[in-house]
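Asker: for reference, the sequence and a predicted model appear below.
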Amino acid sequence: MFDFKTVNDVFQAIAGRGDQLVMQAQDAAGEWQPITSAALYGRVRALASAFAKWGVAKGDRVAILSENRWEWQVTDFATLALGAVDVPLYATLTAEQIGYMLRDSGAKVAVFSSAEQYDKLAGAGELPALEHVVVMDGGDLPNAVNFTSLMESAKAMETRDAAFDATAATVQADDLMTIIYTSGTTGEPKGVMLTHGNEASNLNYSTDGIGFGPGDLCISFLPLSHVTARHTDLALLAHGVSLAYCPKFDRLPPIMKALRPTVLIAVPRVYEKIRQAVEGKSAPSPLKSKILKWAVATGTKHRGEVLAGKTPGGLAHAIADKLVYSKIRDAFGGRARIFVSGGAPLGMDSAGWFADVGIRIFEGYGLTETSPVIAVNKPNAHRIGTVGKALANVKCRFAEDGELEVSGPSIFNGYWNKPKETEEAFTADGWFKTGDIGNIDGDGYLSITDRKKELLKTSGGKLIAPQPIENKLKANSLVGQAALVGDKHKFACVLISPNMAALESWAAGQGVSVSDHKALVKDAKVVALYQGIVTQVNGTLAHFEDMKRLCVVPEEWTVETGELTPSMKLKRRVVEKKYATEIADFYKDEATASK
């Protein structure tokens, strides 16, 4: 267990390891270049020196708009070393959104990854507080400093400097560390204020006992602007794990194959895509499909052993491992020994399937406002279908309606410039209202069933939790995303965004034209296909939860097109607004339709 008081303590612990490899990053030629602890220290010190010359001081805000790369982490550490506050912004944000956040935070410096990101400034509007702009790539740009030029003195600064270290040490636990704007599934973004003490207290407990250590390698691909990725990267670095940066999700498969990570930390959608790829690859071949089903059924008999961290024995399991399980492990690089999921619900179906093929996934849970981890499964305390036990320094309780409320040193103090929203986020006695519905079993394992604001209440008064049903649908390789609707209506219906590659492959085998997505999803065979998927899931639900009607939409929902948050959560309001016509069509004859 760590005993960090501030995030600067984390940096000092990492920086003190000399020649230890802490990071890897691809250069312009695609070659992986190592970054040692000493090199990291020199780069952080060089950037902090430049910031200090610009007058960046304690409490000033520095915005970071970049994909995952070593420069992101250096900017973070350099900002915090001065006692300044960083404001991470998602690389997928529009110019208008960036402008709002830069103005709201009053950022004095903005660091961009590329000319493409820098160009968003032109549409961001007036930014009266912004004094300096830095661009990591892109050459010479108007009114901007190239990041490379700020690194010219980094090599000479690799030796420890007492004055720099002393400045970093003046930062206290109660000092503001970061303002993270929640992308939010609803409403206007809010700037979550986290102190050094919030984050440090969470780091001290969140990964204790999971088993990370020197010699491990993890690929950093979840957006560092998201609290989960930033927290886990800090924790991994603190444990001595080496990080390799993957700036774009579509580059993950070849990077996993090349570097063969030992640790995988991902959102559920990554695991779902791996599963869908495995099932989709076997589907066209009756023999392969039969072998996969047999292997999964064989693994189901040994699920308990896998979840207990044991390696099953027996000839059948050994054959299944050689034919199927090993190939699935190869999709993750072949060396991964620790798998963690967070950011959104994994779903019992996905967790069970991976356990059946020999992969135990440790699911955790938290929010930006909780720094982020509230609970997490670990090797010595793991229960499938739950998000684990609450951290030792986090207290949990439930309101009368089942909403989880939490208290502890990792809980934030409020939203930036939003006193009303801050007051509404807490109970009268100071507990944070998570907005999630859940329960804790007799052994202390926490389960989250749904978002309080997303529960659907039918006109008959029945409450339906959409996420578990949507997760069951997404377990099918042909379903990319799903959105349950039906609040205040007699019955539930569903919008389905297909896994278009899988659907096109299926359609080609059925002689269905795939040239036009709009026509494809309206084809009678395709509609019948997805109706079959919905009917199958309906068979596992209570009658009042049944999805009576469905609509397969011709678009894949993504972060870029706005239907998903960067952590791959569904933006329900966005989807409902975008498909208002389709939803209205579900209920046009509701008054006379049977339940």
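Answerer: Done, it's in.

Asker: what is the longest helix anywhere in the chain packed up against?
Answerer: Selection of the longest helix in the chain by residue count, based on DSSP state H, yields helix 37-53. For helix 37-53, the packing partners by 3 or more Cβ pairs under 8 Å, 6 or more residues apart in numbering; DSSP states H and E come out as helix 7-15, strand 21-26, helix 70-81, helix 147-150, helix 162-169. Just so you know, the C-beta spots here come from the backbone N, C-alpha and C atoms, and that holds for glycine as well.

Asker: need the residues that contact the shortest one.
Answerer: Defining contact as Cβ atoms under 8 Å, 6 or more residues apart in numbering, one finds that helix 147-150 is touched by A46, L47, A50, E71, V111, V134, V135, M136, D137.

Asker: starting at the chain centroid, how far to that helix?
Answerer: Distance of helix 147-150 from the chain centroid (Cα atoms, centre = their mean, to the nearest Å) equals 30 Å.

Asker: give the buried residues for it.
Answerer: Within helix 147-150, the residues scored as buried using 16 or more other Cβ atoms under 10 Å are F147, L150.

Asker: got it, and the longest one?
Answerer: Buried positions in helix 70-81, judged by neighbour count with 16+ other Cβ under 10 Å: W70, E71, W72, Q73, V74, T75, D76, F77, A78, T79, L80, A81.

Asker: any idea how far it is from the middle of the chain?
Answerer: Centroid separation for helix 70-81 versus its chain: 20 Å, with Cα atoms, centre = their mean.

Asker: ok, the buried residues of helix 70-81 vs G408, which is closest?
Answerer: For the buried residues of helix 70-81, the minimum distance to G408 (Cβ to Cβ) is 22.0 Å, reached by L80.

Asker: quick one on the thing from earlier: out of the contacts of helix 147-150, who's the most crowded?
Answerer: In terms of neighbour count, V111 stands highest of those at 32 neighbours, by other Cβ atoms under 10 Å.

Asker: can I get the longest helix of the chain in PDB? Just the C-alpha atoms.
Answerer: C-alpha atoms of helix 37-53 as PDB (Å, rounded to 0.1, in the frame of the first residue of the first chain):
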ATOM      1  CA  SER A  37      12.800   7.600 -15.000                       C
ATOM      2  CA  ALA A  38      15.700  10.100 -15.400                       C
ATOM      3  CA  ALA A  39      14.600  11.200 -18.800                       C
ATOM      4  CA  LEU A  40      11.100  11.700 -17.600                       C
ATOM      5  CA  TYR A  41      12.400  13.800 -14.700                       C
ATOM      6  CA  GLY A  42      14.400  16.000 -17.100                       C
ATOM      7  CA  ARG A  43      11.500  16.500 -19.500                       C
ATOM      8  CA  VAL A  44       9.200  17.500 -16.700                       C
ATOM      9  CA  ARG A  45      11.700  19.800 -15.200                       C
ATOM     10  CA  ALA A  46      12.400  21.500 -18.600                       C
ATOM     11  CA  LEU A  47       8.700  22.100 -19.200                       C
ATOM     12  CA  ALA A  48       8.000  23.300 -15.700                       C
ATOM     13  CA  SER A  49      10.900  25.700 -16.100                       C
ATOM     14  CA  ALA A  50       9.300  27.100 -19.300                       C
ATOM     15  CA  PHE A  51       5.900  27.400 -17.600                       C
ATOM     16  CA  ALA A  52       7.500  29.200 -14.600                       C
ATOM     17  CA  LYS A  53       9.100  31.800 -17.000                       C
END
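
Asker: pretty sure D165 is in contact with Q12, am I right?
Answerer: Yes - using Cβ atoms under 8 Å, D165 makes contact with Q12 at a distance of 6.9 Å.

Asker: hang on, the earlier thing: in JSON lines: the buried residues of helix 70-81, plus distance to E470 and pLDDT.
Answerer: Below are those laid out as JSON lines (distance: Cβ to Cβ, whole Å; pLDDT from 0 to 100):
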{"residue": "W70", "distance to E470": "36", "pLDDT": "98"}
{"residue": "E71", "distance to E470": "37", "pLDDT": "98"}
{"residue": "W72", "distance to E470": "32", "pLDDT": "98"}
{"residue": "Q73", "distance to E470": "34", "pLDDT": "98"}
{"residue": "V74", "distance to E470": "39", "pLDDT": "98"}
{"residue": "T75", "distance to E470": "36", "pLDDT": "98"}
{"residue": "D76", "distance to E470": "34", "pLDDT": "98"}
{"residue": "F77", "distance to E470": "38", "pLDDT": "98"}
{"residue": "A78", "distance to E470": "41", "pLDDT": "98"}
{"residue": "T79", "distance to E470": "38", "pLDDT": "98"}
{"residue": "L80", "distance to E470": "38", "pLDDT": "98"}
{"residue": "A81", "distance to E470": "43", "pLDDT": "98"}
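
Asker: what's near enough to touch E590?
Answerer: By Cβ under 8 Å, 6+ apart, the contact set of E590 is H489, K490.

Asker: where does L264 fall, phi/psi-wise?
Answerer: Backbone torsions of L264, given as degrees, to the nearest 10, read phi -120, psi 120.

Asker: actually I440, not the one I wrote
Answerer: Backbone geometry at I440, expressed as degrees, to the nearest 10, gives phi -120, psi 130.

Asker: and the spatially closest residue to it that is not a sequence neighbour, how many neighbours?
Answerer: What sits nearest to I440 in space, not counting adjacent residues and going by Cβ to Cβ, 6 or more residues apart in numbering, is L446, at 5.2 Å. Other residues near L446 number 23, with proximity taken as other Cβ under 10 Å.

Asker: I'd say L446 and V376 touch.
Answerer: No - between L446 and V376 there is no contact under Cβ under 8 Å: 9.5 Å.

Asker: so what sits against both of the two?
Answerer: The contact sets of L446 and V376 overlap at Y365, V387, G388, K389 (Cβ under 8 Å, 6+ apart).

Asker: what's opposite the last one in the beta bridge?
Answerer: When you say that, I think you mean K389. Counting by DSSP bridges, K389 forms beta bridges with V376, Y445.

Asker: let me see the contact set for it.
Answerer: Neighbouring residues of K389 by Cβ under 8 Å, 6+ apart: A375, V376, N377, A381, G444, Y445, L446.

Asker: hmm, which of those are the buried ones?
Answerer: A375, V376, N377, Y445, L446.

Asker: so Y365 lies in a strand, does it not?
Answerer: Yes - counting by DSSP: H, G, I helix; E, B strand; the rest coil, Y365 is part of a strand.

Asker: just for the protein, where's the confidence low?
Answerer: Applying pLDDT under 70 to the chain flags the ranges 183-187, 591-595.

Asker: mind giving me the domain split of it?
Answerer: Listed domain ranges for the chain are 7-171, 455-586 (source: automatic domain parsing).

Asker: now those domains in TSV, please, with extra columns for distance to L307.
Answerer: Shown next, in TSV, are those (distance: least, Cβ to Cβ, whole Å):
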stretch	distance to L307
domain 7-171	31
domain 455-586	18
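
Asker: looking at those, which is closest to V267?
Answerer: With Cβ to Cβ as the measure, domain 455-586 is the member of the domains of the chain nearest V267 (4.9 Å).

Asker: ends of the closest one, how far apart?
Answerer: With Cα to Cα, to the nearest Å as the measure, domain 455-586 spans 19 Å from end to end.

Asker: check the offset of that domain from the chain's centre.
Answerer: Worked out by Cα atoms, centre = their mean, domain 455-586 lies 22 Å from the chain centre.

Asker: likewise stretch 271-286?
Answerer: The chain centre lies 23 Å from the centre of stretch 271-286; the measure is Cα atoms, centre = their mean.
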